[in-house]
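Trainee: here is the input, now give the coordinates:
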Amino acid sequence: MAGGDMDPDLARSLFEEGATLVLMGVPEGTELGIDYKSWQVGPRFRGVKMIPPGLHFLHYSSVRVFPGGGGGETGPRMGLFISLRPREVLLGHWDPKEEDLDFSASREEEQVDRVRAGLRDLDPFLGPYPYDIMRKWVSLTDRLTLEVASALQPLSGRVCSFSDVEPELQLPHTKDRAAYNLPRNDTQCQSMREGLERLPRMKQRPGTEFRFSHIPKQTYPPGATPEQITQCSMDLSYALECLLESRYPQDPLHVLGELQFAFVCFLIGNVYEGFEHWKKLLALLCRSEAAMCTRRDLYLGLISVLYHQLGDIPPDFFVDIVSQNNFLTSTLQDFFQFATGPGVDATLRKRAEKFKAHLTKKFRWDFEKDPDDCAPVVVELPEGFALD
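Mentor: Predicted coordinates:
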């Protein structure tokens, strides 16, 4: 592990003020990372030192090595958000049965004090925090607090790239299955459909579900007139206000922290559900025309958040993922159209125009052309076929 070139004064400051993550028993070969960087654990690894205080994302994947040295198998990525204080020592032990880190020892002051007293001896086995990625990490999470992250992540405290599921019905015995009129497993399937029907219906294991904000499916108020329904379908401000009032009544800007949380879970945690929620939340924000006139700070913040999210990853990242079905360009096209409309604050309008020019140059996206769903469709006729 290397922390990159670092200013000596900064190195001294981080050495004195930085937090330390002591991780005992992590198997050799485990993929482990903090924030934007990850490594393969070597035989001497005991943790990470000189960690800047604040919010971080610790992630790891267990590796099972096949007998005979014929390669190995990497497990799903697990992660958790942690907030570290200056000079804090966070102690974790690897649980081989769960293939997970257990931080319960951090609650025992005696153990932590003993580790703290031996930090000088542990120092050669601690890798320095990769300071070269710190600015990028802070720009991705500057709106995200531990309070918001804790409220959004699963009750289990773990962000997992694979959904942890279990059967809806626990029916191991044939007589139990018969009571529910389920097919026996020892008879041959007659069709693909029958085979699929035999598979048990699965549900997410309680405590492993994300607790994202509910994005209202009904975008108009109860008792709305047809005219209001049409208006609220084009301008999603009513739905946005419902979300902000129900989830973030004290500080509506925390919704930007949720947008960052979902993006980090996708980009670093490999959680596709994070990407799906990011898309829905972004569409809601970008298509709320009236809100842009009343919530200037929220939308100035949104531009800043998107600037870093879209600026820190390679352009080709969008080809298969973010640009699918032209989602991002069409959503941002609506945003730029609304953000330059009448009644929008001059600073916000100017910032939006500058951001639009930046994206056009960086990704060669064209925000001026008609959206795909409005474009005429060219139909190729078979040879010899003529229209009367």
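Trainee: can we go C-alpha only for contacts and neighbour counts from here?
Mentor: Noted.
Trainee: the residue nearest to Q153 when sequence neighbours are not counted: what secondary structure?
Mentor: What sits nearest to Q153 in space, not counting adjacent residues and going by Cα to Cα, 6 or more residues apart in numbering, is F210, at 5.2 Å. At F210, secondary structure determined by DSSP: H, G, I helix; E, B strand; the rest coil is coil.
Trainee: any idea how far Y272 is from F210?
Mentor: 12 Å (Cα to Cα, to the nearest Å).
Trainee: isn't the residue nearest to Q153 right up against A149?
Mentor: No - here F210 does not reach A149: they are 10.4 Å apart, not a contact under Cα atoms under 8 Å.
Trainee: tell me which of these two has more neighbours.
Mentor: A direct count of neighbours by other Cα atoms under 10 Å for F210 and A149 places A149 higher, at 22 against 19.
Trainee: what's next to the helix or strand containing that one, contact-wise?
Mentor: Under the criterion of DSSP states H and E, A149 resides in helix 146-152. Defining contact as Cα atoms under 8 Å, 6 or more residues apart in numbering, one finds that helix 146-152 is touched by L55, F81, I82, S83, G157, F210, R211, F212, H254, G257, E258, F261.
Trainee: could you do stretch 331-343 as well?
Mentor: 282-283, 286-287, 289, 292-293, 348-349, 352-353, 356, 367-368.
Trainee: want to throw those into CSV with neighbour count, pLDDT and secondary structure?
Mentor: Output for the contacts of stretch 331-343, formatted as CSV (neighbours: other Cα atoms under 10 Å; pLDDT from 0 to 100; DSSP: H, G, I helix; E, B strand; the rest coil):
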residue, neighbour count, pLDDT, secondary structure
L282, 19, 97, helix
A283, 19, 96, helix
C286, 25, 98, helix
R287, 25, 97, coil
E289, 20, 97, helix
M292, 26, 97, helix
C293, 17, 96, helix
L348, 20, 98, helix
R349, 22, 97, helix
A352, 21, 97, helix
E353, 14, 96, helix
K356, 20, 95, helix
F367, 19, 85, coil
E368, 9, 81, coil
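Trainee: show the pLDDT at the residue nearest to V22 when sequence neighbours are not counted.
Mentor: Setting aside the residues directly before and after it, V22 is nearest to G47 in space (Cα to Cα, 6+ apart), at 4.5 Å. At G47, the model reports a pLDDT of 96.
Trainee: what stretches of the stretch 101-250 of the chain score poorly on pLDDT?
Mentor: 163-204 (pLDDT under 70).
Trainee: all helices for it, in order.
Mentor: 109-117, 119-122, 134-141, 146-152, 174-179, 192-198, 226-234, 237-247 (DSSP state H, counting those that start in this stretch).
Trainee: residues near D9, how many?
Mentor: D9: 9 neighbours (other Cα under 10 Å).
Trainee: three-state assignment of it?
Mentor: Going by three-state DSSP: D9 is helix.
Trainee: make 696 the first number, not 1, from now on.
Mentor: Sure thing, new numbering starts at 696, so read that last one as D704.
Trainee: so it versus F710, what's the distance?
Mentor: 10 Å.
Trainee: kindly report the same for Q806.
Mentor: For Q806 relative to F710 (Cα to Cα), the value is 22 Å.
Trainee: ok, T1026 next?
Mentor: Counting by Cα to Cα - T1026 and F710 are separated by 45 Å.
Trainee: of all the contacts of stretch 1026-1038, which two lie farthest apart?
Mentor: Farthest pair in those (Cα to Cα) is C988 and E1063. Separation: 22.4 Å.
Trainee: and T1024, what pLDDT?
Mentor: Predicted confidence (pLDDT) for T1024: 87.
Trainee: name the helix or strand for it, please.
Mentor: helix 1022-1034.
Trainee: residues of that helix that come out buried?
Mentor: Neighbour-count burial for helix 1022-1034 flags L1023, T1024, S1025, T1026, L1027, Q1028, D1029, F1030, F1031, Q1032, F1033, A1034 (criterion: 16 or more other Cα atoms under 10 Å).
Trainee: next one: stretch 824-832
Mentor: For stretch 824-832, using 16+ other Cα under 10 Å, the buried residues are Y824, P825, Y826, M829, K831, W832.
Trainee: okay, these in TSV with distance to Y943 next?
Mentor: Listed next are those as TSV, based on distance: Cα to Cα, whole Å:
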residue	distance to Y943
Y824	33
P825	34
Y826	33
M829	28
K831	26
W832	24
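Trainee: looking at the residues you listed, which one is closest to T840?
Mentor: Once Cα to Cα is applied, the member of the buried residues of stretch 824-832 that ends up nearest T840 is W832, at 13.4 Å.
Trainee: roughly how far does that closest one sit from V810?
Mentor: Distance from W832 to V810, by Cα to Cα: 28 Å.
Trainee: just confirm G724 contacts G737, I think it does.
Mentor: Yes - assessed by Cα under 8 Å, G724 is found in contact with G737 at 6.4 Å.
Trainee: so those two - more neighbours on which side?
Mentor: For G724 and G737, the more surrounded residue by other Cα under 10 Å is G724, and the numbers stand at 18 against 15.
Trainee: for the more buried one, grab phi and psi.
Mentor: phi 100, psi -20 (degrees, to the nearest 10).
Trainee: on that earlier part again, okay, the helix holding T1024 in PDB with CA atoms only?
Mentor: The C-alpha trace of helix 1022-1034 is given here as PDB (Å, rounded to 0.1, in the frame of the first residue of the first chain):
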ATOM      1  CA  PHE A1022     -31.400   8.500 -19.700                       C
ATOM      2  CA  LEU A1023     -28.800  11.000 -18.600                       C
ATOM      3  CA  THR A1024     -28.800  13.200 -21.600                       C
ATOM      4  CA  SER A1025     -32.600  13.400 -21.800                       C
ATOM      5  CA  THR A1026     -32.800  14.100 -18.000                       C
ATOM      6  CA  LEU A1027     -30.200  16.800 -18.100                       C
ATOM      7  CA  GLN A1028     -31.800  18.300 -21.200                       C
ATOM      8  CA  ASP A1029     -34.900  18.900 -19.200                       C
ATOM      9  CA  PHE A1030     -32.900  20.300 -16.300                       C
ATOM     10  CA  PHE A1031     -31.100  22.800 -18.500                       C
ATOM     11  CA  GLN A1032     -34.300  23.800 -20.200                       C
ATOM     12  CA  PHE A1033     -36.000  24.500 -16.800                       C
ATOM     13  CA  ALA A1034     -32.900  26.000 -15.200                       C
END
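Trainee: done for today, thanks.
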